[in-house]
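Engineer: structure, please.
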Amino acid sequence: VRSADYSLWWPNGLGCGGGHAPGHAPTGCTPRPMYNVSVEWAPTPTAAFTRVSQSRSGARARGSGGAHDAGHVTTSRRIAFRYVAFVTGNDTDAAYVHGNGSVTSDFTMRFRVNGANVMARGANYIPTEILDARINATALRQSVQSAQEANFNFLRIWGGGIFQYEAFYAAADDYGILLFHDMMYAQQGHLPKVTETQRAEIAHQVRRLSSHPCIAIFDGCNECESQGKDIYTSFVMQTVADTLQSIPIWPSCPAKGWTTGVDRLTCIPDGQPLTAMATPQQGVNDSHGPYVSGNGWATDEEKFWNTPLLRLFTPDTTAHIIGLDCPNPPTDACHMDMPIKPVRGGAGSRGWFKTEFGCSVWPSFESLSGSLASEHWGLHTPPMFERNWPADNVIISYWGTAQDLNQTGEDALKKQLYQSMVGQALFVKAEVEGWRTSNLWGLFTWQYNEIWPCGGWGSIEYGAPSVEGQVIGGRWKPLQYLLRSTVYTDVFATCCARCSGGTDQPNCVVKNDGVYDFNGTVSVSTFPFTSGVSQPLREVHVRLMGGQQDAVWFSIDFPADPTRVALEISVTVAGGASPAVVSSNFMLLAPPTALVLPDVTVTATVSDTVQADGTAVITVRCTGGAAVGVVLTTLAQGRFGDQLLHISPTEPRSVSFVPLEGFALDLPLLKQTLRVEHMQQMQ
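Structural biologist: Residues are numbered from 1 along each chain as shown. Sure thing, here's the model as predicted:
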């Protein structure tokens, strides 16, 4: 095949689907071209074969897309053209590139896709359902589309789960979601054995998935190489390497690296036997954690993990900015509330990767209530003991000690669930914004989806079809909306409320983690809770290189009273009569329990007509002051354009409701079931 005859496949946000400054997408191109390859096999006729083929004439052959007729066997696959390298060394250094050996480096962890440095943003994907027959291709595809819409370019297939169905991988191909794919082994007894059955299964799954451009890397297991079992290298990953030599491999997740068996510049198998470095509990540049697992009420999860009954934490709402003096990966001591120095990152600097971290969380009332008797509507009721993390520490840390989590009833449970979801969103947002100020090349939240309609760790809810209260593929939790609006955008900006300001001691940063150069403006304003009228603080024009984690640091004067105002940090791309917003960061300066919020009334009204693009417009208004943390929920199938809204009493907010792909908008159901909550009523 000549290169002129095909176009490259790129992950979400790059190539023809991106390949431009944010807000300036080209038209008339195919983002991720896929090509059909068909193979036909015709045997040399013999008398014996003729008798067999006549008896089977017209039967279906085994395998995807295969058939045979009178001995002719055909099959087809969708393929694409792309090149992925998993980089661990300084490949900007010619001496390193031209060196010898197969030993991977501890300099960085970074993906190159078609030569471009990609900052991986995504989450860990777990099984979508305990009763597998209840999930279908529509739900799987929708869950992948939700990842794409929230600016993901990666999902990690967790080793404690399953190899997914073909519909999932096809959706990842279509939406540009690369996969960091564990083999299905993990800690807590999910261990391999050297058997021909397991060898055949590993080889089969690798061959089955080999044509999918979404597969970026295979690794041996989840959190298991630290157990010192060579079986993951000598058996599991050696089988992978013997089966496929075109995709990068890694010993485990996390892991330290290889000493033999791969090209050290790409981690693609080189045909030699594999040997892995001895791996500590965490990899050198790849780590799991931190986790805010629920505690504060005795459940079976709390007892299993031996968690203290109530362990509160600092409820950060602004980033800990990481400075130049910190190593990569940064240590806890680098979560600095002190003067900082700007840091320049890029492929030529030490880098790191975070493949798991997260905060336990509960879903919406709509998702949870249908599986409970009404007398169990509360987080301290008997059903919550089974296979659930308590939410006490998250709720009390962010919302204060006055919360009575023993209350039951509809209003009590709605309040508890809102507090849990907003607490998760605030924790993850503050952590990620701090990490992204360093030379970070990958972020996967734990976790993405849920396996049941109750407590978990996901940013989307359980999404099985035909189950009461669920949105197919998973209703978005508040965190998913923050990932879309600021946390996972290519260009983002944040500020550190407790860092010193001044000319030489900046406390804000705008950073480009995308591939393409950026030319635009970052604007910082205060948002007073009483009036809701924004007051500009500073505007900075920036030009940021792509692919080099380029950043501009600057200072603002923080408000004297962080309990009565928030920050609006907006990044817009230059050009056009109406500059496009590429990141919108509404930053609370204190936890919800400390905020002085006015007693407001918030209403939401759905338009009577469906828009030309199939969406509905919802107008959100407030009286009595500004509203913050506004969350909308409905039983209609779809998602909102934004959540955790802040609204001025003088400027109503218009929010779209987007139906699921392939579904018509159910306007009557949206109107009937639309529900609005806000932060002041939950204090």
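Engineer: measure residue 668 to residue 421 for me?
Structural biologist: 27 Å (Cβ to Cβ, to the nearest Å). Any C-beta I mention is one placed from the backbone N, CA and C, and that applies to glycine too.
Engineer: who's more crowded, these two?
Structural biologist: Set side by side, residue 668 and residue 421 show more neighbours around residue 421, with 25 against 10, by other Cβ atoms under 10 Å.
Engineer: please name the residues that touch that one.
Structural biologist: For residue 421, the contact set (Cβ atoms under 8 Å, 6 or more residues apart in numbering) comprises 361-364, 477-479, 631.
Engineer: out of these, which are buried?
Structural biologist: When the contacts of residue 421 are checked for burial by 16 or more other Cβ atoms under 10 Å, the buried set is 361-364, 477-479, 631.
Engineer: nearest to residue 652, of the residues you listed?
Structural biologist: For these, the closest approach to residue 652 (Cβ to Cβ) belongs to residue 631, at 16.8 Å.
Engineer: the helix or strand hosting residue 603: how far from the chain's middle?
Structural biologist: Residue 603 is part of strand 601-606, with elements assigned from DSSP states H and E. Using Cα atoms, centre = their mean, to the nearest Å, we find the averaged C-alpha position of strand 601-606 to lie 30 Å away from the chain's own average C-alpha position.
Engineer: what pairs with it, parallel or antiparallel?
Structural biologist: For strand 601-606, the paired strands and their directions (DSSP bridges) are strand 616-623 (antiparallel).
Engineer: pLDDT (mean, whole number) over the longest helix anywhere in the chain?
Structural biologist: Ranked by residue count, the top helix of the chain under DSSP state H comes out as helix 410-435. If you average the pLDDT over helix 410-435, you get 95.
Engineer: just the buried residues of it, please?
Structural biologist: Judged by neighbour count using 16+ other Cβ under 10 Å, the buried positions of helix 410-435 are 412-435.
Engineer: number of residues surrounding the closest residue to residue 167 other than its chain neighbours?
Structural biologist: The spatially closest residue to residue 167, leaving aside those adjacent along the chain, is residue 137, at 3.6 Å (Cβ to Cβ, 6 or more residues apart in numbering). By the other Cβ under 10 Å criterion, the neighbourhood of residue 137 contains 13 residues.
Engineer: are we agreed that residue 168 is in a helix?
Structural biologist: Yes. According to DSSP: H, G, I helix; E, B strand; the rest coil, the state of residue 168 is that of a helix.
Engineer: tell me the secondary structure at the residue nearest to it when sequence neighbours are not counted.
Structural biologist: Of all residues not flanking residue 168 in the chain, residue 140 sits nearest, at 4.4 Å (Cβ to Cβ, 6+ apart). Classification of residue 140 using three-state DSSP returns helix.
Engineer: so residue 140 sits right up against residue 164, yeah?
Structural biologist: Yes. When contacts are counted by Cβ atoms under 8 Å, residue 140 is listed as touching residue 164 (7.2 Å).
Engineer: quick one: which of those two has more around it?
Structural biologist: Counting neighbours by other Cβ under 10 Å for residue 140 and for residue 164 shows that residue 140 has the greater number, 25 against 20.
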